[in-house]
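Trainee: Structure for the following, please:
(2 chains)
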Amino acid sequence: EAQVTQNPRYLITVTGKKLTVTCSQNMNHEYMSWYRQDPGLGLRQIYYSMNVEVTDKGDVPEGYKVSRKEKRNFPLILESPSPNQTSLYFCASSQSPRGSYEQYFGPGTRLTVT
Amino acid sequence: ILNVEQSPQSLHVQEGDSTNFTCSFPSSNFYALHWYRWETAKSPEALFVMTLNGDEKKKGRISATLNTKEGYSYLYIKGSQPEDSATYLCAPPRGKLIFGQGTELSVKP
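Mentor: The predicted structure is shown next:
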């Protein structure tokens, strides 16, 4: 079954404690992306990756890091989480972002930073 | 920054009503427009990817039209059902997807 998986689905942590949210897709997609969703602000892109070892900042990259060492995986790293990073996070993948290919979203990770 | 506007922000209809909402986007450098359906507690799912001016797509009771020259797309739902309750997002790709704020649809039985 074609899917995007994220782990963990729920996480409560404390300020400053490094964490990683994993994302994996089994569709051999080149493009992967991370979004955060906050009430009233819609989906905002954090980082994206066009292919292995190719990553770029989205609209709200501050406080986040990513890596793309393998095509299927695109982890999101919060080196020193802060309460303003409490949000719902989605990973997504696509054959390409350039128009005619839909994005497939993971199930979401709800992060709370206290 | 690409400006994508969706209206209305929210919509409350009765079961059986037909409804429609709008996505507006810059018409210059148009490549495609995506529509996604996002149910509460789930993740967004693609409804349509539209690329041609005048394009019409249909999936069951949901259909969409596209006008690339004036920069808008309409999403129509015929005979709304409670299971249609969701947020509907549009997104024109510009090297990456830029999402509108969405239209939140609530269908009451």
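
Trainee: which parts of stretch B:67-79 are buried?
Mentor: B:68, B:71-73, B:75, B:77 (16 or more other CB atoms under 10 Å in any protein chain shown). Just so you know, the C-beta spots here come from the backbone N, C-alpha and C atoms, and that holds for glycine as well.

Trainee: can you list the residues of chain B near chain A?
Mentor: Contact residues (CB under 8 Å from any CB of the partner chain) of chain B with chain A: B:31-32, B:34, B:36, B:42-46, B:49, B:51, B:89, B:93, B:95-97, B:99-102.

Trainee: which among these end up buried?
Mentor: Using 16+ other CB under 10 Å as the burial test, the residues of chain B next to chain A include B:32, B:34, B:36, B:43-44, B:46, B:49, B:89, B:93, B:96-97, B:99-102 as buried.

Trainee: Can you list the low-confidence ranges for chain A?
Mentor: In the prediction, chain A carries residues with pLDDT under 70 at positions A:97.

Trainee: residue boundaries of the strands in it?
Mentor: Along chain A, counting by DSSP state E, strands occupy A:4-7, A:10-13, A:19-25, A:31-38, A:42-51, A:54-57, A:65-66, A:76-78, A:87-94, A:104-105, A:109-113.

Trainee: Dump those strands into CSV; add distance to chain B as well.
Mentor: Shown next, in CSV, are the strands of chain A (distance: least, CB to the nearest CB, whole Å):
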stretch, distance to chain B
strand A:4-7, 8
strand A:10-13, 12
strand A:19-25, 12
strand A:31-38, 7
strand A:42-51, 4
strand A:54-57, 8
strand A:65-66, 14
strand A:76-78, 15
strand A:87-94, 6
strand A:104-105, 4
strand A:109-113, 10
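
Trainee: now the closest residue to A:Thr5 other than its chain neighbours, which residues is it bridged with?
Mentor: Once flanking residues are discounted, A:Thr5 sits nearest to A:Ser24: 5.1 Å by CB to CB, 6 or more residues apart in numbering or on different chains. Per DSSP bridges, the residues bridged to A:Ser24 are A:Thr5, A:Asn73.

Trainee: Assess the claim that A:Ser24 and A:Lys71 are in contact.
Mentor: No: counting by CB atoms under 8 Å, A:Lys71 is not a contact partner of A:Ser24; they are 10.1 Å apart.

Trainee: what sits against the most centrally placed residue in chain A?
Mentor: Centroid-nearest residue in chain A, with CA atoms, centre = their mean: A:Trp34, separated by 2.8 Å. For A:Trp34, the contacting residues are A:23, A:45-48, A:58, A:64, A:66, A:74, A:76, A:89-92, by CB atoms under 8 Å, 6 or more residues apart in numbering or on different chains.

Trainee: If you rank the residues you listed by neighbours, which is first?
Mentor: With neighbours taken as other CB atoms under 10 Å in any protein chain shown, the top of these is A:Phe74, carrying 31 neighbours.

Trainee: give the contact list for B:Gln81.
Mentor: Counting by CB under 8 Å, 6+ apart, B:Gln81 makes contact with B:15, B:61, B:107.

Trainee: Pull the number of nearby residues for the first one.
Mentor: Read that as B:Glu15. By the criterion of other CB under 10 Å, B:Glu15 has 13 neighbours.

Trainee: residue contacts, A:Glu53?
Mentor: Contact partners of A:Glu53, counting by CB under 8 Å, 6+ apart, are A:68-69.
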